[in-house]
Structures are given as C-alpha cells and as structure tokens.
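S.K.: mind looking at a prediction? Sequence and model below.
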Amino acid sequence: MAIRFRVLAFLAFVAVSEGGYRIKPTQHHDPQYLWSANGPDEVSLYRIPLIAVAPNGDLVAITEGRKINGNDMGYKFISQRSIASEAVLGVYGDQKWSPTHEEVDDGYTTPSGVILGAIVTDYVTKTMFVVYGECIHDCPTSQTFVVNSTDNGRSWSEPVDISSQVGSDKVAFAAGPGTGIQKMYSPHKGRLVVCGHYHDIVVGQSLMLTEGFKCIYSDDHGYSWKNGSVIPGLLYNKTKREGDFLPNECQPVELPDGNILLTIRNQYRFHGAARMFALSVDGGETIRYETFRVAHDLPDPACAAGMVYVPEYDVLLHSNIISTNRRANLTLSWSYDRGKTWDASNRLVIWPEGAAYSCMTVIPSEGSPRYVGVLYEQGETSKADYGYITFVVYDLNPEKID
C-alpha cells in the first residue's frame, strides 16, 4: 500500500535552496484529456482551467462549462475532477481522475453566467476556496462568490456572496484566472491572496474603458475578504488603443523575501507583445506602478498564463503562449533570477498548435518536489479552438551545481 504524500512544505516553513540548482524538465507521461468540447455531457465548450493541491496532497482541477456556446457571455457551470498525486505520478498504476462533478450552476438565469475564477488552499485550516464572479460582462450589477471545501475537493459549500466586501454594485471583479496563494513568509504570513481583473460598471459603456486589476485578501482564513489597491488602465475611462497600458488577468506567486510577484496579461501590448510583471511588498495590499516591468524576453499575444515558484531550487516556472500575434505555441519557461530575465534556451514547448489559458501547480512527491503539472486549453489546429482541457506532468530533473 502506497504511503500518502504529505504537503509538509506548505504547513509551516518552505526552505529555500542554499545551493545552486539547474533543471531540465522532461514530460513525465502522455497528456491526459480531462474535458472535451461537445463530449458525452453535451457541453458546448470547456474553458478556464484551474488546478491546485488539496490539503491531503490530491490534485483538484476546476473548469468552466459553457452550456450553449463558447462565448464569454452565456450560461455556464463550474466543473471539478480530482486525483491522488501518487496516481498522477504513476505510483498507483492506472488509477484515473474522478468523474466530472458540476459544483456551481447558474441555472440559465443569468445571461452573462458564472466566470472563473481562482482556486486557493489554506493549509492551516485544510480548506480549499474557489473565488468566482457572476454577470461580469455587460450587466448593470455584478457579484463575487466564494465556495469552500473541507474534504479535499470532494464536496463544496453553498456559494457565499462577498461582493459587499470586495466591491459594490458598481464594480465587477473576476478573480484570476488561476491560483491564489497562502503567504508562507512575513509580512502577513498565513494570509490568503487572490488577484484578478476588475472594471467599474457604467451602464451602456464598454468595460475596457475602466478595466484594470487588483488583489483581494483574507487574514481570517477565508471568513472575510478585503480589497487591495486597484491598478486601472490608463488613461482611465478613455478609449484604449494599441500600445496603451491595460493590465488584466493575472497570477501571483510568493517569493522567499515575502514579496508577491504577479504575471499579468498585457491587454493592449504596452511597450510590445510581452508579459507584464509587478510586485507587491505588503501582501497584496498595494502594488506600485514603479514595480511594473514589461518582459520583452517573454513574448505573449495578450492571454492568461500560469506561474509557480519552487523554493527548493530557487526557480520560477511560467506557462504561456510564446507568440506575438496568435494563440498557439504554449510553452514552459523557467527563470533562475526570479523572473528578472527569461533566457530563450530555458524553454520547452508544451503544445505547438492552438492553445490559450494555462494554470500550474507543484505536485507533492516523496522527498524534494520535482514535478509540476500544467492544465491548459488545447486546440487541434493552428488557431486556439479550445477543443480540450488537457493535463500534463513534467519532471524537473533538478541538478545541484557548484
């Protein structure tokens, strides 16, 4: 009987490598297709992949089922599948992912539907949270909800409306898409942080005029949430053009100095078609403009991306579309200086054809972590037709250097 992998690194202190490491990622197994468009469940399209590690070490995958068509607007539900980490690594042989469970259903009542979303795990209280919005697009009001699971993703609570805590009836917040974090270092150790894009609601007016991004956080293990500062696009409430500053969907990670690094969708390709990065030094409460940087060595056509930091090897991994003009060529990249530079030699193509959003997680294993999982939107052609939500595992193959 296999011994259950424990997630000890998240419970108290994550040790940062005292020596240098280099990694040589290789694919651990064939990709697994977790959801497909127009499959046996007759869902038109699945989009917005989220993946996280449950308190017991299981992997929990979440996605957005679009019932009628593939548009951002429309009726939707939130679907979930899970698997033991040992199984996905092959320790349990051919054990499969659990069947799909529909956890949140908008019931064909909200024309803009639910929208994912971010997943975050509190390893102190052993609780998982999914933050999602409803009626984000083109609605006179919008809501932000949280559901939680205390049994490693097997079941989820009824939705809790936190709109009054993180906005108002005139502000829409769409978490992620991706994962939130629980801070493991000071300041604000133990805090839950979720970031995403937002816009002020002006009836009859394009959301792009007032859009930007912000973080929300909880210091009481998800019982209540507060707003961090808002970073709007510039010029505010003005029509945006190619080259304007409009930060959008984002993904945070925590670095060993306690700072939060964000990878940000660069919607109008401010200073070029590349990722934007920014820092928060106070646990997501503020993000200052002077910390923004456009990573010209990490091309991106304006799309969501995934990111994880592995402190044991002091390496930052990133999954995004390496292209300046189309959603194709999903690529795993890694940086040894915590995202300051992205050497083109430190890249591995995940899927060369049509692809889009992705989400990453470090997979628990015996000893030091050496596996990362990527859940991503995969098409079958050169354009992002989003036919599948696909999962693949990479072995980092870490090597200590002098």
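M.R.: Perfect, I can see it now. This one's a predicted model, so the numbers in the text were calculated from it and none came from an experiment.

S.K.: rounded mean pLDDT for stretch 123-133, please.
M.R.: Across stretch 123-133, pLDDT averages out at 97.

S.K.: roughly how far is that stretch from the heart of the chain?
M.R.: Mean-position distance between stretch 123-133 and its chain equals 14 Å (C-alpha atoms, centre = their mean, to the nearest Å).

S.K.: give the buried residues for it.
M.R.: Y123, T125, K126, T127, M128, F129, V130, V131, Y132, G133 (16 or more other C-beta atoms under 10 Å). For every residue, glycine as well, the C-beta is placed using N, CA and C.

S.K.: cool, and stretch 132-151?
M.R.: Within stretch 132-151, the residues scored as buried using 16+ other C-beta under 10 Å are 132-139, 142-149.

S.K.: likewise for stretch 150-165?
M.R.: N152, G153, W156, P159, I162, S163.

S.K.: could you tell me the end-to-end distance of it?
M.R.: 23 Å (C-alpha to C-alpha, to the nearest Å).

S.K.: can you give the contact residues for it?
M.R.: 54-56, 58, 60, 80, 82, 103-104, 125-128, 130-131, 142-149, 169, 216, 224-227 (C-beta atoms under 8 Å, 6 or more residues apart in numbering).

S.K.: now the strands for the stretch 201-350 of the chain?
M.R.: 211-218, 226-232, 247-254, 260-266, 274-280, 293-299, 306-310, 315-321, 328-335, 347-363 (DSSP state E, counting those that start in this stretch).

S.K.: so which of these comes closest to P31?
M.R.: Among the strands of the stretch 201-350 of the chain, the nearest to P31 by C-beta to C-beta is strand 347-363 (8.1 Å).

S.K.: by contact count, what packs against the closest one?
M.R.: strand 45-53, strand 178-179, strand 306-310, strand 315-321, strand 328-335, strand 371-378, strand 388-395 (3 or more C-beta pairs under 8 Å, 6 or more residues apart in numbering; DSSP states H and E).

S.K.: ok, the next helix-or-strand element following the second one: who's next to it in the sheet?
M.R.: Meaning strand 178-179. Sequence order places strand 181-182 as the next helix or strand after strand 178-179, per DSSP states H and E. Sheet pairing of strand 181-182 (DSSP bridges) gives strand 192-200 (antiparallel).

S.K.: in its sheet, what does the helix or strand bottoming out on mean pLDDT in the chain sit against?
M.R.: When the helices and strands of the chain are scored by mean pLDDT, DSSP states H and E, strand 101-105 comes last with a mean of 87. Strand 101-105 sits in its sheet next to strand 76-83 (antiparallel), going by DSSP bridges.

S.K.: next secondary structure after the least confident helix or strand of the chain?
M.R.: strand 114-122.

S.K.: pLDDT weak spots in this protein?
M.R.: For the chain, applying pLDDT under 70 flags the ranges 1-19, 40, 91-94, 108-111, 138, 168.

S.K.: in the stretch 1-150 of the chain, which spans are helices?
M.R.: Chain-ordered helices for the stretch 1-150 of the chain, with DSSP state H, counting those that start in this stretch as the definition, fall at 85-88.

S.K.: residues in contact with the closest residue in space to L192 that isn't next to it in sequence?
M.R.: Nearest residue to L192 in three dimensions, chain neighbours excluded: S218, at 4.4 Å (C-beta to C-beta, 6 or more residues apart in numbering). By C-beta under 8 Å, 6+ apart, the residues touching S218 are R191, L192, S224, W225, K226.

S.K.: of the residues you listed, grab the buried ones for PyMOL.
M.R.: In PyMOL, a selection of the buried entries from the contacts of S218 looks like this (16+ other C-beta under 10 Å):
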select buried, resi 191+192+225+226
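
S.K.: what's the closest of the contacts of S218 to L375?
M.R.: Nearest to L375, judged by C-beta to C-beta, of the contacts of S218 is L192 at 20.9 Å.

S.K.: that older thread, looking at the buried residues of stretch 150-165, which are in helices?
M.R.: Of these, the ones assigned to helices by DSSP state H are S163.

S.K.: possible to save the buried residues of stretch 150-165 as CSV with distance to L209?
M.R.: Output for those, formatted as CSV (distance: C-beta to C-beta, whole Å):
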residue, distance to L209
N152, 42
G153, 38
W156, 35
P159, 29
I162, 25
S163, 21
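
S.K.: can you tell me which of the buried residues of stretch 150-165 comes closest to L317?
M.R.: When the buried residues of stretch 150-165 are compared for distance to L317 (C-beta to C-beta), G153 wins out at 23.1 Å.

S.K.: how close does the nearest residue to V131 once chain neighbours are set aside sit to E42?
M.R.: Nearest residue to V131, sequence neighbours excluded (C-beta to C-beta, 6+ apart): A175, at 4.1 Å. Using C-beta to C-beta, to the nearest Å, we find A175 at a distance of 28 Å from E42.
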